[in-house]
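> The following comprises the amino acid sequence and a computationally predicted model.
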There are 2 protein chains.
Amino acid sequence: MTGITIIGTGNMGRAIGARAVAAGSRIQILDRDPDKARELADQLGGDILTGTLGDTPDGDIVVLALPFEAAKEVVSSYGDALSGRTVVDITNPVDLSTFDSLVVPPDTSAAETIAGLAPAGVSVVKAFNTTFAATLTEGRVAGQPLDVLIAGDSADAKKAVADLATAMGLHPVDVGPLRRARELEGFQFLMMTLQADPARRDFNWNTGLKILTPA
Amino acid sequence: MTGITIIGTGNMGRAIGARAVAAGSRIQILDRDPDKARELADQLGGDILTGTLGDTPDGDIVVLALPFEAAKEVVSSYGDALSGRTVVDITNPVDLSTFDSLVVPPDTSAAETIAGLAPAGVSVVKAFNTTFAATLTEGRVAGQPLDVLIAGDSADAKKAVADLATAMGLHPVDVGPLRRARELEGFQFLMMTLQADPARRDFNWNTGLKILTPA
């Protein structure tokens, strides 16, 4: 099992941590506040390494469980310390001032922006941006394992993330090169607008997107 | 039940026709070749009106079951004859020369382009672009009714399409204003790339996109 470093202790860090515990992964949690990392590790249970943002990542897979702006800063500040690792971008760069578009121009994506900040030798993979924290913590919705849509330019890096998702009890789907993150981010933005829609109280940040096939 | 006019006799015209028959809708099928319209009507069964492209649409809901370029031409040539009707754009304006992007600029959509060609008094609704013909013909996938994601700027027009989808045994989801067609078209483009992926032979143009909620 590949080790995973989770940077960030918010809802998504917690949800990915819960799945990683279920997968039996070697886990490290880093946060700007090391006490928050320790607190989350204790809540998740198991033998989890913790530390402070800036510590050398233990995992081959580093999940940036952070908002877009923070994810950019962390990749820039880590720089070469990420070399050889697979960095997972989970962000949805929604313009929260309008909730009507993304903050990235339409000819790029958060994932491509983050990849542009990463040093050579780092493979950036888009994943877990279409899974809300609550459903991801459960791993299933309506009796179905959650789909994890994965975009990236390195087949090896995508396979590592797909294998991790499988070990987490989820269903990985390789959706193509990293630029497909544009469509993943665009569609999840649409999904987010529905969660906040008073007409859809059945959604309420609990939906799971599934690509179903005939039985 | 609102009457529906289907313009076009391809796979999607056939699939929407099959669902409309199941719904017990009043149906009219128009095609450039009226023999094709009659042939499809006979195959679908029931009491279906047919005619030639250019005939006055019988239905309050007019579905453009056509490729994007043809849909634009039809809206332009019908002009005021569409007034008072709800026009449903189902297109996915994929750049087939690259299969890597859409032919519409990212700050608009096929649906908005078509709306821009329609005369005043026509409500354009995006719907059925995320349902592949094979699964739509069945109406269900993996035991679930298909989601029909609906975008539009007229609440009344969206409700008419949603009511039709419900009568068809499908599950309508209002995803917001017509500009959300950008995200619907972008994501369905991604879905289309997966159908053509030899690594996903289980997909094979038979997938159904579902927004699942906890049971």
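Done, it's in.
> wait, what's in contact with the closest residue to chain B within chain A?
With distances taken as CB to the nearest CB, chain A approaches chain B most closely at residue A:106, which sits 3.1 Å away. Glycine gets a C-beta too; all of them are placed from N, C-alpha and C. By CB atoms under 8 Å, 6 or more residues apart in numbering or on different chains, the contact list for residue A:106 reads A:182, B:106-107.
> is it fair to say it lies in a strand?
No - following the definition DSSP: H, G, I helix; E, B strand; the rest coil, residue A:106 is coil and is not counted among the residues of a strand.
> Strands of chain A, residue ranges please.
Taking DSSP state E as the criterion, chain A carries its strands at A:4-7, A:27-31, A:49-52, A:61-64, A:86-89, A:123-126, A:140-141, A:144-145, A:147-152, A:171-176, A:208-212.
> Mind checking the pLDDT average for the last one?
What it means is strand A:208-212. This predicted structure assigns strand A:208-212 an average pLDDT of 96.
> buried set for it?
Along strand A:208-212, these residues count as buried under the neighbour rule (16 or more other CB atoms under 10 Å in any protein chain shown): A:208-212.
> how about it, does it get close to chain B?
Yes - Strand A:208-212 lies in contact with chain B when judged by CB under 8 Å from any CB of the partner chain; the contacting residues are A:208-212.
> The residue of chain A closest to chain B and residue A:72, how far apart?
Between residue A:106 and residue A:72 the distance, using CB to CB, to the nearest Å, works out to 18 Å.
> Please apply the same query to residue A:78.
Here the distance between residue A:78 and residue A:72 works out to 11 Å (CB to CB).
> Those two: who's more crowded?
In this view residue A:78 and residue A:72 are compared by other CB atoms under 10 Å in any protein chain shown, and residue A:78 has more residues nearby, 24 against 20.
> so who does the more buried one touch?
With contacts defined as CB under 8 Å, 6+ apart, residue A:78 is in contact with A:54, A:57.
> quick one, helices of chain A?
A:11-23, A:34-44, A:68-78, A:110-117, A:133-138, A:155-167, A:181-195 (DSSP state H).
> so how far is the shortest one from its chain's centroid?
When you say that, I think you mean helix A:133-138. In terms of CA atoms, centre = their mean, to the nearest Å, the centre of helix A:133-138 is found 12 Å from the chain centre.
> in the sheet, who's paired with the spatially closest residue to residue A:199 that is not a sequence neighbour?
Closest residue in space to residue A:199, ignoring its immediate chain neighbours: residue B:174 at 7.0 Å, by CB to CB, 6 or more residues apart in numbering or on different chains. On the basis of DSSP bridges, residue B:174 is bridged to residue B:150.
> From what I see, residue B:174 and residue B:160 are in contact.
No - applying CB atoms under 8 Å, one finds residue B:174 not in contact with residue B:160, separated by 11.9 Å.
> Up against chain B, what does chain A have?
Among all residues of chain A, those adjacent to chain B (criterion: CB under 8 Å from any CB) are A:100, A:106-107, A:135, A:138, A:141-144, A:173-176, A:179-180, A:182-184, A:186-187, A:189-191, A:193-194, A:197, A:199-200, A:202-203, A:206-215.
> In chain A, which residue is most central in space?
Using CA atoms, centre = their mean, the residue of chain A that lies closest to the mean C-alpha position is residue A:90, 3.1 Å off.
> quick one: contacts for it?
A:12, A:16, A:63-65, A:126-129.
> Would you write a PyMOL line that selects the buried entries of the residues of chain A next to chain B?
Here is the PyMOL command that selects only those of the residues of chain A next to chain B that count as buried (16+ other CB under 10 Å):
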select buried, chain A and resi 135+141+173+174+175+176+179+180+182+183+184+186+187+189+190+191+193+194+200+203+206+207+208+209+210+211+212
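> related to what we said a few turns ago, what separation do you get for the residue nearest to residue A:199 and residue B:163?
For residue B:174, the distance to residue B:163 (CB to CB) stands at 12 Å.
> Likewise for residue A:64?
Remark: distance between residue A:64 and residue B:163 (CB to CB) = 44 Å.
> Neighbour count: these two, which is higher?
The residue with more neighbours, out of residue A:64 and residue B:163 and counting by other CB under 10 Å, is residue A:64; that gives 25 against 15.
> what about chain A, any weak spots by pLDDT?
Within chain A, the stretches with pLDDT under 70 are A:1-2.
> switch to 50 and redo it
For chain A, residues meeting the criterion pLDDT under 50 lie at A:1.
> ok, the residue lying closest to residue A:156 once chain neighbours are set aside - contacts?
Leaving out its chain neighbours, the residue that sits closest to residue A:156 by CB to CB, 6+ apart is residue A:123, at 7.3 Å. Listed by CB under 8 Å, 6+ apart, the contact partners of residue A:123 are A:85-87, A:152-154, A:156-157.
> With residue A:196 instead?
Applying CB under 8 Å, 6+ apart to residue A:196 gives the contacts residue A:99.
> how close does residue A:45 sit to residue A:21?
In this structure, residue A:45 and residue A:21 are 7 Å apart, going by CB to CB.
> Go through stretch A:4-12 and flag the buried ones.
Neighbour counts using 16+ other CB under 10 Å place A:4-9, A:12 of stretch A:4-12 among the buried residues.
> Sorry, wrong one. I was asking about stretch A:149-167.
Buried residues in stretch A:149-167, counted by 16+ other CB under 10 Å: A:149-154, A:157-162, A:164-165, A:167.
> tell me the contacts of the closest residue to residue A:104 other than its chain neighbours?
On the basis of CB to CB, 6+ apart, the spatially nearest residue to residue A:104 that is not a chain neighbour turns out to be residue A:93, at 5.0 Å. For residue A:93, the set of contacting residues under the criterion of CB under 8 Å, 6+ apart consists of A:68, A:102-104, A:109-110, A:185.
> if we go to 7 Å?
Residues in contact with residue A:93, defined by CB atoms under 7 Å, 6 or more residues apart in numbering or on different chains, are A:68, A:102-104, A:110, A:185.
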